[in-house]
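>>> need a 3D model of the sequence below.
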Amino acid sequence: MAMGILLFGAAAIIAFLTFGSATARHAQLRTQATTAVEAIAADIDRHLFPYEKGVLGEPRVIERRPVPGVPGVVYTARAVQNPDEEREYRVDIEMRWESAGVRRSKQWSMLKIREVPFGERLRREFIEKTGGFRPANEGDANDPDANDEKAR
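Okay, the predicted model is just below:
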């Protein structure tokens, strides 16, 4: 009888330790996945809309681009314009990786506004001192911010 109780207790302890290590591994994998998704979002912000010579271009198709800081993971992104809102795009993203010899993928979508990337605006504002957060044409009649400034 005592041997059965001892055996039952040892089995329970092993089960709890196994469950705890599986939970820790699950948390670690979720953290890595979150890091990859955030890296993809930041990379899309920088590379989706080309910014050349002061003009923001149409969105690029990004094919099998490596995820920065996450080895072995690549992503593909395609932007589809919202017909009701000219500056709004739905970006369909597919992330691919290989785990234990099996190819895996995950798809999701996110909304992006066609605008100058934040890093570029910071560079123009603080390094070039050209006003990255102000409209390029201060006197533009179609710009509500410029009209507000004139009214003051």
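
>>> grab the most central residue of the chain for me.
In the chain, the C-alpha nearest the mean C-alpha coordinate belongs to Ala41, at 1.6 Å (CA atoms, centre = their mean).

>>> setting the sequence-adjacent residues aside, check what's closest to it.
Distances taken as CB to CB, 6 or more residues apart in numbering place Met110 nearest to Ala41, at 6.9 Å, with adjacent residues excluded. Every residue, glycine included, has its C-beta placed from N, CA and C.

>>> confidence-wise, which helix or strand of this protein is lowest on average?
Ranked by mean pLDDT, DSSP states H and E, the weakest helix or strand in the chain is helix 144-151, scoring a mean of 44.

>>> related to what we said a few turns ago, the residue nearest to Ala41: what's it in contact with?
Applying CB atoms under 8 Å, 6 or more residues apart in numbering, we find Met110 in contact with 41, 44, 90-91, 93.

>>> how close does Gly20 get to His26?
Distance of Gly20 to His26, given as CB to CB, to the nearest Å: 11 Å.

>>> again, but for Val61
Val61 is 34 Å from His26, by CB to CB.

>>> just to revisit the earlier point, host element of the residue nearest to Ala41?
For Met110, the enclosing helix or strand under DSSP states H and E is strand 102-113.

>>> three-state assignment of Arg124?
The three-state label given to Arg124 by DSSP: H, G, I helix; E, B strand; the rest coil is helix.

>>> do I have it right that it meets Thr130?
Yes. Arg124 sits in contact with Thr130 when judged by CB atoms under 8 Å, with a separation of 4.9 Å.

>>> quick one: which of those two has more around it?
Comparing Arg124 with Thr130 by other CB atoms under 10 Å, the one with more neighbours is Arg124, at 18 against 11.

>>> ok, back up a step: who wins for most neighbours among the contacts of Met110?
Neighbour counts for the contacts of Met110, by other CB under 10 Å, peak at Ile44, which reaches 22 neighbours.

>>> separation between that residue and Val80?
14 Å.

>>> give me the common contacts of those two.
With CB under 8 Å, 6+ apart as the test, Ile44 and Val80 both reach Val91.

>>> packing partners of the top helix by length along the chain?
The longest helix of the chain (DSSP state H) is helix 2-47. On a contact count with 3 or more CB pairs under 8 Å, 6 or more residues apart in numbering; DSSP states H and E, helix 2-47 meets strand 62-66, strand 74-81, strand 88-99, strand 102-113, helix 118-122.
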